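K.L.:
give the three-dimensional model of this entry:
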Amino acid sequence: MFEEIRNSDIVQERAILVGVYGPETPRIQAEEYLDELELLTYTAGGKTIDKVLQNRMHPDPSSYVGSGKLRQLKSMKGEKNIDTFIFDDDLSPTQIRNIEKETQAKVLDRSGLILDIFASRAKTAAAKTQVELAQLQYLLPRLTRFWTHLSRQQGGIGTRGPGESQIEMDRRMIDKRIATLKDKLDKIDQQRQTQRKGRSEKVRISLVGYTNAGKSTLMNGLTDTEVLAENRLFATLDSTVRQYEIGNHEVLLSDTVGFIRKLPHDLIASFKSTLDEVRECDILLHVVDASSRVVQDYIDVVDDTLEDMGVNDKKSLLVFNKMDIIDSHRINELKRAYPDAVFISAERGIGLDKLENRIKELIEEDFVTKTMTIPAAKYEGVAFLHREANILEKKYEGSDIKLTFSIDKADLMRLNAILDNIDTAESVM
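P.N.:
Residues are numbered from 1 along each chain as shown. Coordinates of the predicted model:
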C-alpha cells in the first residue's frame, strides 16, 4: 500500500496489525481502522506484513484476541519473521504482558504508536515538551523497571525512602518530571496568549479535521504559502498561522494538529496551548477526506473532540476535500447527504473560489452597513473606521465627513464607545 523506505541504513520493523470487530464495530469499519493503523505504522517507519481481524463480542481481558488467536499470532511471528504486533485498541498492562510472553515479540497499542509518531514529528521546544508530557502520563500506569534511566535526568540522590521499591522510586521521578513539564507548558501557554492578543482584531479562522484530510494543502492553496503537506499522518504538530485577505477582510488562518480516532486523552490535554487557536477562532473550517469509506465516522470523531474542547458552538463550514479522486456518483451522494458543505480539491485548486465566497458570507453575517456623519472634532472615530471597517462611500460636508461603511458588530460597539468618550471629554472641557 505504501512505498518502502529506501534508505539502506534504516531497517523497517516488520509488523502484524491486530483488531477486533463485533456488534459495536462492524467488519467494514474495523477494516477501515486497520487501514488507518497501517498508515500510522508506515508513518512511524514500520512495514505492515499482515492484518488480523478477530470476531468477538468484546476484547478478551487477558489477551485481547483470546487464547486460540494468540497461538495463531505466535505461529505467524515465526513464519513471517515478525518484529512487532500492533493492536488497534489500547491494551492493559496485563494484556501486554501476556501477549509478549506468548509471542516473544514487541507489542504496541494504538496510543503508544501515535505517541511514538508525535515524538518523531516534534521539532519545536513547545511540541517536544507537549509530547514528552503525554508520553509520561500514558506510560505511568504501565510502569516497569525499565524506567530507571530517568534518574540520570532528575538525579537519584535524596529521592529514596527507607524500604522504597524501585518501581516507587521511578514513579516519583516521573511525577516530578510531569510537574516540571506542566510548569513549562503553562509558561508557553502564557506567551501564546500574549501573541494572540496582538492579533485579536482580525477575523480568525481555524482548519480542523481528521488527520491527513488535507488541511495543510488547503492552507497552501488559500494563502499561497508552503506549509509542510505530505501523505503521512500528523505532518502538522505546531499550529501554523498565515495572514491573507478575503474580499476586504483581513483573515488569520491557522492550521492545527489533526484529530484521529482514539486520540490519547493525555495528548489532547498536553496540546492545550496549540489547540487554543481553535478555541479562540471566529470560524471553523472542518476539512473532510471525501475519499474515505467512513466519512461520517471521521466527522463524528472531529465533532466529539471539538465538543470535549468546548468549542462545538463555533460558526463552522464543512469542506469536503480530494474531490478529484472520487467518481461523480460518490460526489452526488455526498452532495445529497451534506447539502450545506463545500466541495473542493485543495491539491488541484478546484472549488477554492466558491469556498472563499462562503467564508466571506460567514464573516459578513456579523457585519452591518451604517452611514454616519462625523464632525471633524471626532476624527479619532474616522481614523478607527479607516483601520477597522470597509469604507463604501465617503463625502465631505463642510467640516464634517459622511461615511458609509461595513463593520463588524463588535467593532461598531467600540466605535460608539470612542465617539461617546470624545463627547464626554468635550463636555468636561
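K.L.:
quick one: the nearest residue to residue 375 once chain neighbours are set aside from residue 94, how far?
P.N.:
Using Cβ to Cβ, 6 or more residues apart in numbering and skipping the chain neighbours, the partner closest in space to residue 375 is residue 400 (5.3 Å). In short, each C-beta sits where N, CA and C put it, glycine included. In this structure, residue 400 lies at 80 Å from residue 94, with Cβ to Cβ, to the nearest Å as the measure.
K.L.:
the more surrounded of those two?
P.N.:
residue 400 (15 against 11; other Cβ atoms under 10 Å).
K.L.:
so the more buried one touches residue 377, yeah?
P.N.:
No - in this structure residue 400 lies outside contact range of residue 377 using Cβ atoms under 8 Å: 9.6 Å.
K.L.:
domains in the chain, by residue range?
P.N.:
Listed by automatic domain parsing, the domain ranges of the chain are 13-113, 122-196, 202-364, 367-428.
K.L.:
ok, the residue nearest to residue 375 - contacts?
P.N.:
Residue 400 makes contacts with 373, 374, 375, 376, as judged by Cβ atoms under 8 Å, 6 or more residues apart in numbering.
K.L.:
please apply the same query to residue 278.
P.N.:
Each residue near residue 278 by Cβ under 8 Å, 6+ apart is listed here: 206, 208, 254, 256, 284, 306, 309, 311.
K.L.:
circling back to that earlier point, between the contacts of residue 400, which sits nearest residue 23?
P.N.:
Nearest to residue 23 among the contacts of residue 400 is residue 374, at 68.2 Å by Cβ to Cβ.
K.L.:
give me the pLDDT value at the closest one.
P.N.:
For residue 374, the pLDDT comes out at 90.
K.L.:
that one: how many residues sit nearby?
P.N.:
What residue 374 shows, counting by other Cβ under 10 Å, is a neighbour count of 18.
K.L.:
quick check: it touching residue 381?
P.N.:
Yes - between residue 374 and residue 381 a contact is recorded at 5.4 Å, counting by Cβ under 8 Å.
K.L.:
can you give me the strands in this protein?
P.N.:
With DSSP state E applied, the chain shows strands at 13-21, 46-55, 84-87, 106-109, 203-209, 240-246, 249-255, 283-289, 315-321, 342-343, 367-374, 390-397, 400-408, listed in chain order.
K.L.:
what pairs with the fifth one, and is each one parallel or antiparallel?
P.N.:
So the one you mean is strand 203-209. Using DSSP bridges, the strands paired with strand 203-209 in its sheet are strand 249-255 (parallel), strand 283-289 (parallel).
K.L.:
common neighbours of residue 374 and residue 381, please.
P.N.:
With Cβ under 8 Å, 6+ apart as the test, residue 374 and residue 381 both reach residue 419.
K.L.:
distance of residue 116 relative to residue 51?
P.N.:
Counting by Cβ to Cβ, the gap between residue 116 and residue 51 amounts to 19 Å.
K.L.:
returning to that earlier point: same list, the strands of the chain, but as CSV with distance to residue 128 please.
P.N.:
Rendered in CSV, the data for the strands of the chain read as follows (distance: least, Cβ to Cβ, whole Å):
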stretch, distance to residue 128
strand 13-21, 23
strand 46-55, 22
strand 84-87, 24
strand 106-109, 21
strand 203-209, 23
strand 240-246, 17
strand 249-255, 19
strand 283-289, 26
strand 315-321, 30
strand 342-343, 36
strand 367-374, 41
strand 390-397, 42
strand 400-408, 38
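K.L.:
how many neighbours does the closest residue to residue 128 other than its chain neighbours have?
P.N.:
Spatial nearest neighbour of residue 128, excluding adjacent residues (Cβ to Cβ, 6+ apart): residue 122 at 4.4 Å. Counted by other Cβ under 10 Å, the residues lying close to residue 122 total 18.
K.L.:
so what pLDDT did residue 122 get?
P.N.:
Among the per-residue scores, residue 122 shows a pLDDT of 77.
K.L.:
how close does it get to residue 170?
P.N.:
Here the criterion is Cβ to Cβ. By it, residue 122 lies 23 Å from residue 170.
K.L.:
now residue 315
P.N.:
With the distance defined as Cβ to Cβ, residue 315 ends up 47 Å from residue 170.
K.L.:
do residue 66 as well
P.N.:
Applying Cβ to Cβ, the value for residue 66 to residue 170 is 32 Å.
K.L.:
and if you look at residue 23?
P.N.:
Counting by Cβ to Cβ, the gap between residue 23 and residue 170 amounts to 40 Å.
K.L.:
tell me the contacts of residue 363?
P.N.:
Contacts of residue 363 by Cβ under 8 Å, 6+ apart are 203, 246, 247, 249, 251, 282, 283.
K.L.:
the residue nearest to the first one when sequence neighbours are not counted: neighbour count?
P.N.:
Of all residues beyond its chain neighbours, the one nearest residue 203 is residue 251 (4.9 Å), with distances taken as Cβ to Cβ, 6+ apart. When counting by other Cβ under 10 Å, one arrives at 22 neighbours for residue 251.
K.L.:
I figured residue 251 hits residue 207, correct?
P.N.:
No - applying Cβ under 8 Å as the test, residue 251 and residue 207 come out as separate, 11.9 Å apart.
K.L.:
my read: residue 18 touches residue 88, true?
P.N.:
Yes - taking Cβ under 8 Å as the definition, residue 18 is a contact partner of residue 88 at 6.8 Å.
K.L.:
tell me which helix or strand of this structure sits lowest on mean pLDDT?
P.N.:
For the chain, the helix or strand with the lowest mean confidence is helix 151-154, at a mean of 44 (criterion: mean pLDDT, DSSP states H and E).
K.L.:
pLDDT below threshold where in the stretch 201-350 of the chain?
P.N.:
Of all residues in the stretch 201-350 of the chain, those with pLDDT under 70 make up the ranges 201, 227-239, 266, 269-274.
K.L.:
if you set the cut-off to 90 instead, what comes out?
P.N.:
201-204, 211-212, 216, 223-250, 254-282, 292-294, 297, 304-314 (pLDDT under 90).
K.L.:
hey, where'd the helices end up in it?
P.N.:
Listed in chain order, the helices of the stretch 201-350 of the chain (DSSP state H, counting those that start in this stretch) span residues 215-223, 265-270, 272-279, 295-309, 328-337.
K.L.:
can you give the distance of the last one from its chain's centre?
P.N.:
Relative to its parent chain, helix 328-337 has a centroid offset of 27 Å by Cα atoms, centre = their mean, to the nearest Å.
K.L.:
between helix 295-309 and that helix, find me the angle.
P.N.:
40 degrees (axes from the mean of the first three to the mean of the last three Cα atoms, to 10 degrees).
K.L.:
good, we can wrap up now.
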